[in-house]
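Visitor: Dropping a prediction and its sequence here:
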Number of protein chains: 2
Amino acid sequence: MSHPAPTHLQDFALGQTFVSTQYEMTSEAIKAFAAQFDPQPFHLDEAAAVDTLFAGLAASGWHTASVTMRLLVGSGLAVEGGLVGAGAELRWPRPTRPGDVLRVISEVTDIKTSPARPARGLVTLKSETRNQHGDIVQLMTSRLSVPVRVE
Amino acid sequence: MSHPAPTHLQDFALGQTFVSTQYEMTSEAIKAFAAQFDPQPFHLDEAAAVDTLFAGLAASGWHTASVTMRLLVGSGLAVEGGLVGAGAELRWPRPTRPGDVLRVISEVTDIKTSPARPARGLVTLKSETRNQHGDIVQLMTSRLSVPVRVE
C-alpha cells in the first residue's frame, strides 16, 4: 500500500503498487455463487466435478473476479467518489480451488487525462489475483475513472 | 437460439446468434451482491447513492457480469463439457438499475483451432447485455474453449 492512499488522479504514479488483504474461498461459497450465477457441474459439486475439464471443484471465473473486486475495495485505493471501472480485461490462467486464499497485487500501468473531460482521468491497473502458493488465478487489466483534484 | 444447440466446435458458425431468457435485477439482489463483493455506497443504499457519480442505486458491474453468465448458461449454448471461458473483455456503457430486466444477445465473431491443441478450439462470442428499454448495460467479448467433435 502506498502512503498516503491516492484519492485523486494527481496521487497516482506509473509503477505504483497496491497489495490487498486476503480472502479464503471456501467450498460452500464456491457452490453458493455457482448456484446463483454459474450453475455448471464443475462449480457446484465435488463428485460431479471429477470427470470434467477442471478435474475437481473450481470456482466460477466470475466468482474470482467478484472476490478480486472485494479485495480491491479496501486495498489502499481510496479514490474520492469510489472505485468506478470503465471496463476490464480478464484471463483465468488456472482455476481457483476450495481452500485457496486469494490476494490481489495491482500496479498502475497507465494514467490518462482527456481534454474533452478535464474533471476526470483514467488510471489503468494491472491486477494479479494469486493463491497462497503464489500461482496466478486471474489476470485483470482495468480502467478506473478517477477525479482530478482542483488545485 | 440456433437449432440444434451447438455442442462442439463444428456446430458453430460466424454470425450465429443466441438470445437468452430474462433476469430481473431487484434492489435487494443489487445490495446483497454489493455487500458481499463490492461494498460501495452507490451499490449498497438508495439514499447514499444519490450524491454519487451514479446519481442513484446501481448494480456492481461484476453483478451485471455474473448475471450475464447466468443467462449464457441456458441460452442455447449446450457446449459439451460446459461453458468454459479462457478470458473476457468487459465494458459497462451504462449502469444496471433496480427493476431492470436483463437479456443477453450473443454473436459468434471468431472461431479458431490450434494445431498445438487439436482437441479443442476457441469460439469468440460478442455478448450485449440489454435492459428492458434495449439499452446496453454491458458489452462483453469472451473466448470459450469448445471441444472438437471426433468424426
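Guide: Here it is on my side, so go on.
Visitor: near chain B, which residues of chain A show up?
Guide: Chain A has residues A:33, A:36-42, A:52-53, A:60-63, A:65-67, A:69-70, A:73, A:81-92, A:145 near chain B, with proximity defined as CB under 8 Å from any CB of the partner chain. (C-beta placed from N, C-alpha, C; glycine too.)
Visitor: taking those one by one, which sit in strands?
Guide: Secondary structure from DSSP state E places A:Gly85, A:Ala86, A:Gly87, A:Ala88, A:Glu89, A:Leu90, A:Arg91, A:Ser145 of the residues of chain A next to chain B in strands.
Visitor: Of those residues - the most surrounded one?
Guide: Most neighbours among these, by other CB atoms under 10 Å in any protein chain shown: A:Leu90, with 25 neighbours.
Visitor: Model confidence score at that one, please.
Guide: In this model, A:Leu90 is scored at 97, pLDDT.
Visitor: now swap in A:Gly56 and tell me
Guide: pLDDT, read off for A:Gly56, is 97.
Visitor: From the residues of chain A next to chain B, keep the buried residues only.
Guide: Among the residues of chain A next to chain B, those classed as buried by 16 or more other CB atoms under 10 Å in any protein chain shown are A:33, A:36-38, A:40-42, A:52, A:60-63, A:65-67, A:69-70, A:73, A:81-88, A:90-92, A:145.
Visitor: so how far does stretch A:120-138 reach from one end to the other?
Guide: Terminal residues of stretch A:120-138 are spaced 28 Å apart (CA to CA, to the nearest Å).
Visitor: Likewise for stretch A:20-29?
Guide: End-to-end distance for stretch A:20-29, by CA to CA: 20 Å.
Visitor: Name the residues that touch that stretch?
Guide: Here stretch A:20-29 makes contact (CB atoms under 8 Å, 6 or more residues apart in numbering or on different chains) with A:46, A:57, A:59, A:63-64, A:67, A:70-72, A:74-75, A:96-106.
Visitor: That one: which residues count as buried?
Guide: Buried residues in stretch A:20-29, defined by neighbour count with 16+ other CB under 10 Å: A:Ser20, A:Tyr23, A:Met25, A:Ala29.
Visitor: what do you get for stretch A:105-121?
Guide: A:Ile105, A:Ser106, A:Val108, A:Ile111, A:Arg120, A:Gly121.
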